[in-house]
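> Starting from these lines, generate the structure:
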Amino acid sequence: MARPGVVPLRPLTLGDLLGGAVQTIQRNPRATIGLALLVSALFMLLPAVASVAVGLAGTSPGFDVAASEDPFAGAGGASYYGLLGVSTVFSALATVVIAGLIVRVVGAAVVGRPMRAGEAWRRTRGRLLALVGLSLLGGLVSVVLLAVPLALGVLAWAVTDSVALGVVLGILLGLAAVVATVWLWTRFLLLAAPALVLEELGVVASLRRAGALSRGQFWRLFGIALLASLVAGVASQVVAVPFGVLGAVLAFVLPPAWGLPGLLLASNVGSVLTGALVGPFTAGVTGLQYVDQRFRKEGLDITLLDETLRR
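You can find the predicted model right below:
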């Protein structure tokens, strides 16, 4: 079986997808882990600076874990949740950028071509704005789908004055919304990012492309993506938990004004390392799922095999 790169040129198995993602990282450490580490660090720099500024300004005097039963009450809590929201947004943006860069590296790794970090950046930077737009659109659709059941439940409660009816209706519609969200994500969003980057399509065109590639493959795509997410989630916790413990310790031992910055800085460092170590794996699996669907539906494996034999 021809294998010029990280996967054989045939429809891919689960082992091919997971192993291919790992081999892509091993063969291109600078363009995967190195680039992801740089991107994560740059995106988390602003939240880190904001955390230090809070400590220097002494704007979180209420964050005194040792003296208060509720350390998140008052000014300390407001500062904490505000900076936590900023960190979450920047971490999500870093994940989107990392995914686009890694997909480009995966496309080259399939045919056995190494890619430097600089080349990955040059060839992908023009697609990053569209990639962010695609992610925002997906997030907006998910929020709307999940908010509608809650709104209908509250409306039913207000109209009928029945709490039980509102709760039951909200739960049933909420479950339906979760199913619809998972279906839409698997059918139209999972493969849209690789199509947007590798085929240089627009946002709407990439959604159509993803829908065509995923038609009839829902359970396969969803199952593999779920498994990869579970593996990544466990690995993320292994990396993040020590920094969470460190942050809690810093919140206890530092002066009250510095407890909040210490907690958030430890969390930000954990986010940077998680993005650098776990992000390339999940993005690699997604990129290979895209390649696999093109193998299965468009004969891309035959085309690549023919090109390999002609070299």
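> show me where pLDDT drops low in this structure?
Under the criterion pLDDT under 70, the flagged ranges of the chain are 1, 54-81, 256-257, 259, 311.
> residue closest to the middle of it?
T95 (4.7 Å; CA atoms, centre = their mean).
> Please determine how far it is located from G279.
For T95, the distance to G279 equals 6 Å [CB to CB, to the nearest Å]. Quick note: C-beta positions are derived from backbone N, CA and C, even for glycine.
> again, but for T124
14 Å.
> Spell out the residue ranges of the helices in the stretch 1-150 of the chain.
Across the stretch 1-150 of the chain, reading from the start of the chain, the helices by DSSP state H, counting those that start in this stretch fall at 14-27, 29, 35-43, 45-57, 74-109, 117-124, 128-160.
> If we go by neighbour counts, what in the first one is buried?
Neighbour counts using 16 or more other CB atoms under 10 Å place D16, L17, L18, G20, A21, Q23, T24, I25, R27 of helix 14-27 among the buried residues.
> tell me the contacts of the first one?
Spelled out, that is D16. Going by CB atoms under 8 Å, 6 or more residues apart in numbering, D16 touches V7, P8, L288, D292.
> Most neighbours among these, which one is it?
Within these, neighbour counts (other CB atoms under 10 Å) peak at L288, which reaches 29 neighbours.
> excluding its backbone neighbours, what's nearest P149?
Among residues not flanking P149 along the chain, L173 sits closest, at 3.4 Å (CB to CB, 6 or more residues apart in numbering).
> what would the buried residues of helix 14-27 look like in CSV with distance to R209?
Conversion of these to CSV gives the following (distance: CB to CB, whole Å):
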residue, distance to R209
D16, 22
L17, 20
L18, 24
G20, 21
A21, 21
Q23, 26
T24, 22
I25, 26
R27, 27
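> Please identify which of those is nearest to S87.
Nearest to S87, judged by CB to CB, of those is I25 at 25.3 Å.
> picking up where we left off before, could you export the helices of the stretch 1-150 of the chain as TSV, including distance to L169?
Below are the helices of the stretch 1-150 of the chain laid out as TSV (distance: least, CB to CB, whole Å):
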stretch	distance to L169
helix 14-27	39
helix 29	52
helix 35-43	40
helix 45-57	39
helix 74-109	30
helix 117-124	45
helix 128-160	5
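> Point out the one among the ones you listed that comes closest to G262.
helix 45-57 (7.8 Å).
> correct me, but A235 touches L277?
Yes - using CB atoms under 8 Å, A235 makes contact with L277 at a distance of 7.0 Å.
> And the two? Which one has more around it.
Ranked by neighbour count (other CB under 10 Å), A235 and L277 place L277 first, with 20 against 15.
> If anything else comes up later, I'll come back, but that's it for now.
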